[in-house]
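# give the three-dimensional model of this entry:
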Amino acid sequence: FGSAADEARGELRSDAANGASHPFGHAAERELRRRLERFRAAGQHDVANLDNAHQLRVRTKGLRYALELFGGCFPDASVQELHGELVAMQNDLGEINDLRNLGSTLATKPRRDRPGGAPRPIDRLGDAIRRDLAARRRRLRAEAEARRQLVQRLERLLPRRAAAARQNARKAARDRSGAGL
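Residues are numbered from 1 along each chain as shown. Below is the predicted model:
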């Protein structure tokens, strides 16, 4: 499977680099646009709300996997960079979701102090998780501009493929008209 996938990816990259139109490339463009729009919509909500952050994680995962599948349709080397950013974002959002779930579980346990008033280690862990989540929620809000820039870079990548296909079609038409002379 791996070698066949690598071979197909190489063919798609070669076609894209030469401006060739490929039916799979058109499907890739449609699917990436659809997932990019879902990602953009999820990122427009207040991601400091952990339910919204989870939705952004789900949309990030979908966009990431679509880029992994269809990335070979685009000649631009920035696909790998964009993919890396999506992986990092998905991992960060996954950690936030995991901390939220752990914090919720710990919150259901009754809090008890040890003799002498010292909190138990599990209670200190719950406190540390709440502080960490608060800091991460602030960071998510602050990273809104970086997410908007990521969307813009992905959008710029998509039209280039369409523009290359249009340019290739014009060249083919010129070649055909020149061949008839």
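
# how about the helices in this protein?
Counting by DSSP state H, the segments of the chain that form helices are 2-17, 23-43, 50-70, 78-107, 121-142, 144-179.

# ok, which of these comes nearest residue 114?
helix 121-142 (9.3 Å; Cβ to Cβ). No exception for glycine: its C-beta is placed from N, CA and C like everyone else's.

# list the buried ones in the closest one?
The neighbour-count check on helix 121-142 (16 or more other Cβ atoms under 10 Å) flags 123, 126, 129, 133, 136, 137, 140 as buried.

# that helix to helix 78-107, inter-axis angle?
Helix 121-142 and helix 78-107 are oriented at 140 degrees to each other (axes from the mean of the first three to the mean of the last three Cα atoms, to 10 degrees).

# which strands and helices lie in contact with helix 121-142?
helix 50-70, helix 78-107 (3 or more Cβ pairs under 8 Å, 6 or more residues apart in numbering; DSSP states H and E).

# how about those helices in CSV, adding mean neighbour count, distance to residue 40 and mean pLDDT?
Output for the helices and strands packed on helix 121-142, formatted as CSV (neighbours: other Cβ atoms under 10 Å; distance: least, Cβ to Cβ, whole Å; pLDDT from 0 to 100):
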stretch, mean neighbour count, distance to residue 40, mean pLDDT
helix 50-70, 19, 9, 93
helix 78-107, 16, 13, 92
